[in-house]
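Undergrad: Pasting the sequence and the predicted model now:
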Amino acid sequence: MVDRPEQPCHQRIVSTALDPDAALRDGGQHFIGGNRAARGIGHLHPRQPGHRKESRNSHAVFQLFHAGLNVSSKLDERQIGAHCQKLRATAQARRAHDRALGKLGNRAIGQADESVADIFARQVAIDHQPLGLQRRHVLHRMDRNVDLARQKRILDLAGEKPLAANLFQRAVENAVAGRLDDDNLERILGQTMRGHQPVAGLMGLSKRKHRATRADAKGAGGGGHLFHAPAISPPRALDNRDGLAMKDRQGDTMTQKTILRALAGERLPVPPIWMMRQAGRYLPEYRATRAQAGDFLSLCYNPELAAEVTLQPIRRYGFDAAILFADILLLPQALGADVWFVTGEGPRLSTITEAAGVAALKPADAVHEKLSPVYETLRILRRELPSETTLIGFAGAPWTVATYMVAGRGTPDQAPAHAFKAADRVAFSALIDKIADATVEYLSAQVEAGAEVIKLFDSWAGSLKGQDFDDFALAPAKKIIAALKARHPGLPIIAFPREAGPRYVGFAKATGADCVALDQFTDASWAAAEVQKDGCVQGNLDPRLLIEGGPRLVSETKRIVETFSQGPHIFNLGHGITPEADPENVHRMIEAIRG
Ligand SMILES: O=C(O)CCc1c2[nH]c(c1CC(=O)O)Cc1[nH]c(c(CC(=O)O)c1CCC(=O)O)Cc1[nH]c(c(CC(=O)O)c1CCC(=O)O)Cc1[nH]c(c(CCC(=O)O)c1CC(=O)O)C2
């Protein structure tokens, strides 16, 4: 049997929530040189045995599906029947999901060993308790422990067959997480289950209940049922979302993804919502996961945990888009720079101040070696995200990335980069070109891994004036966008030339971007007239209002929605949400938008 680790888990979570920065205190500086990070990743992501044998396994799925019905039905009667009545309707929907998955899993193991079924019984019993934020995290961890034990036991018992069960279970999880209705679910699973019993009845979920599952997940503030199965790619036939996205891009299917509709120029009655830095330090669940990872860069390079933190704000708030959890400073590291973070101070990098430093950087297409865990994060997210949630990939724009590579840190006025530019414009241009080429490689691979939209962050564009703005903000953005759209026709791209002021006008047209993100210093009425006339705009709410809260948060939110209501608009902040923001204020902001 498996030990129940509630107590230690609970203690760990509570202490992390109370002391958000504990994780970074021990050690202070976290130097992640190339090899060290790579070793960590290797350790965290063992390959699954037999992962190439999916087709053989699909036959085993059929056999497993028929087996062990007795165990699962007994469990349902014994563990679920007495409790179900007391639960909220939304919680019931979630349990239906769990129950169905439990059945499938039990079928995989029931005949082989009933003691493993007891693990399921405990899992079901655990699930039938009131939900709450802290408890949900604890349960999530317990689920994972139980699942790990279950998976190991299953592997011991039946070799490769359980892998098939796992694949099938993941397919069902995906479908439920995607809140497809029963018809869709049946269609997807029918591809694997042809000739076998209908799945919709087994799942027992109506459209309404799928929606309720979401409400429950939101209320629970976390938890979810992710990563129960190891990170194995599902058979392509089971993943309908790729097909959907392809159709979206080609424009021949009406998409349910509101972000994609807004980016295509549609004016929506309620703007879709997401927030820059929506996965981050203001959320207790983020701080807990970062503590688990050890430090920030280890979190970025751990696909399972990076996907987990990306999903946290989706569960908590039901945003319309998820943005990949990563950082703009991963690219310099992939190009050969040393990058580390100093607690309380921010990023540090080795510096480049002359032509020789530029020449020493790795070739653009060498970046994949270091960045492949980021692509894996996207693949996980594409499987796990609800079907209506758009997945956004991102990178820093060349000028912004260069400011860090030259100065070796964040700077208030980007003076070192300006000095390099003034001293040797040719060498500085070569640096910008190198970053631009590498960015195309990086973002293109992100799209191939599942990103549906790309955002280019030029956070320090505002410090470029005149010809410098043309050469180092506008031209590189245009080059990157053209290259990406050539490789991925129809790919929507959001450009963020932060604090560009009057240079926001015409920026989308000149670069080929589908949307420009507006900082909080841009006047909304002016932008509605001068910028939104060219297409979708995003952003503008001052992130400080999410610290302040109160009536001004509500009135400013409504004012922005109203001001941009005559054209395509995605609601967002003017810059990233800050660590001091109150998570409750995010709910208030969303309520002010959605009503
Ligand atoms: O200029 C500086 O001093 C360095 C700023 C800094 C960067 N990464 C960083 C830090 C330290 C910190 O935020 O405290 C380090 C960094 N990056 C990130 C986090 C998480 C958080 O903010 O709490 C953090 C803090 C790390 C931690 O201690 O846990 C994650 C990040 N960076 C970024 C993004 C993309 C986004 O904004 O949505 C995202 C992912 C957000 C998500 O998945 O929800 C992008 C990023 N990173 C960075 C920049 C440059 C501009 C800026 O934010 O000041 C930008 C672009 C921008 O936001 O405008 C550089």
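TA: Alright, I've got the coordinates.
Undergrad: Okay, domains of the protein per the record?
TA: The record's domain parsing of the chain by automatic domain parsing lists 50-225+235-240, 270-594.
Undergrad: and the longest one, how far apart are its ends?
TA: According to CA to CA, to the nearest Å, domain 270-594 extends 6 Å from its N-terminal end residue to its C-terminal end residue.
Undergrad: neighbouring contacts of stretch 258-270?
TA: The contact list for stretch 258-270 (CB atoms under 8 Å, 6 or more residues apart in numbering) reads 248, 251, 255, 271-272, 274, 320-321, 388, 390, 392, 452-453, 492, 494, 514-515, 535-536, 565-570, 593-595. For the C-beta atoms, the positions are set from N, CA and C on the backbone; glycine is no exception.
Undergrad: Pull out the buried residues from it.
TA: The neighbour-count check on stretch 258-270 (16 or more other CB atoms under 10 Å) flags 258, 259, 260, 261, 262, 263, 264 as buried.
Undergrad: on that earlier part again, buried subset of the contacts of stretch 258-270 as a PyMOL selection?
TA: Of those, the buried ones go into a single PyMOL selection, burial set by 16+ other CB under 10 Å:
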select buried, resi 248+255+271+272+274+320+321+388+390+392+452+453+492+494+514+515+535+536+567+568+569+570+593
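Undergrad: could the buried residues of stretch 258-270 go into TSV alongside distance to the ligand and pLDDT?
TA: Formatted as TSV, those follow (distance: CB to the nearest ligand atom, whole Å; pLDDT from 0 to 100):
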residue	distance to the ligand	pLDDT
258	18	97
259	14	98
260	18	98
261	21	97
262	17	98
263	16	98
264	22	97
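Undergrad: Those in helices, which ones?
TA: Among those, DSSP state H puts 258, 259, 260, 261, 262, 263 in helices.
Undergrad: what pairs with the nearest residue to the second one once chain neighbours are set aside across the strands?
TA: The one in question is residue 259. Nearest in space to residue 259, with sequence neighbours left out and distances taken as CB to CB, 6 or more residues apart in numbering, is residue 390 at 3.9 Å. Taking DSSP bridges as the rule, residue 390 bridges to residue 321.
Undergrad: Tell me who's in contact with residue 390.
TA: Contacts for residue 390 (CB under 8 Å, 6+ apart) come out as 257, 258, 259, 260, 272, 320, 321, 322, 452, 453.
Undergrad: Can you find the helix or strand in the chain with the smallest mean pLDDT?
TA: helix 199-203 (a mean of 25; mean pLDDT, DSSP states H and E).
Undergrad: Outside of stretch 565-572 itself, list whatever touches it.
TA: With contact meaning CB under 8 Å, 6+ apart, stretch 565-572 is reached by 259, 262-268, 271-276, 320-321, 515, 517, 528, 532-533, 535-541, 557, 560-561, 593.
Undergrad: Out of the residues you listed, list just those in helices.
TA: Those of those lying in helices (DSSP H): 259, 262, 263, 528, 557, 560, 561, 593.
Undergrad: Please report the number of neighbouring residues for the fourth one.
TA: Going back to what we said before, that points to residue 528. Counted by other CB atoms under 10 Å, the residues lying close to residue 528 total 21.
Undergrad: Go ahead and confirm it touches residue 561.
TA: No - the pair residue 528 / residue 561 is not scored as a contact, 11.4 Å apart, by CB atoms under 8 Å.
Undergrad: so what sits against both of those two?
TA: Common neighbours of residue 528 and residue 561 (CB under 8 Å, 6+ apart) do not exist.
Undergrad: and this protein, which of its residues are near the ligand?
TA: Within reach of the ligand by CB under 6 Å from any ligand atom, the chain has these residues: 276-281, 290, 296, 310, 323, 325, 327-329, 346-347, 394, 410, 457, 459, 575-576, 579.
Undergrad: Can I get the buried ones among these as something I can paste into PyMOL?
TA: Those of those that count as buried under 16+ other CB under 10 Å are selected in PyMOL with:
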select buried, resi 276+277+278+279+280+281+290+296+310+323+325+327+328+329+347+394+410+457+459+575+576
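Undergrad: What does the pLDDT read for residue 103?
TA: Looking at residue 103, its pLDDT is 32.
Undergrad: sorry, back to before: worst mean pLDDT among the domains of the chain?
TA: It's domain 50-225+235-240: among the domains of the chain, that one has the lowest mean pLDDT, namely a mean of 31.
Undergrad: Now do the strands in this structure.
TA: Secondary structure of the chain (DSSP state E): strands located at 29-32, 321-323, 339-342, 346-349, 390-396, 453-458, 493-497, 515-518, 536-539, 569-570.
Undergrad: is it possible to export the ones you listed to JSON lines including distance to residue 417?
TA: Formatted as JSON lines, the strands of the chain follow (distance: least, CB to CB, whole Å):
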{"stretch": "strand 29-32", "distance to residue 417": "23"}
{"stretch": "strand 321-323", "distance to residue 417": "25"}
{"stretch": "strand 339-342", "distance to residue 417": "17"}
{"stretch": "strand 346-349", "distance to residue 417": "12"}
{"stretch": "strand 390-396", "distance to residue 417": "13"}
{"stretch": "strand 453-458", "distance to residue 417": "13"}
{"stretch": "strand 493-497", "distance to residue 417": "16"}
{"stretch": "strand 515-518", "distance to residue 417": "22"}
{"stretch": "strand 536-539", "distance to residue 417": "24"}
{"stretch": "strand 569-570", "distance to residue 417": "30"}
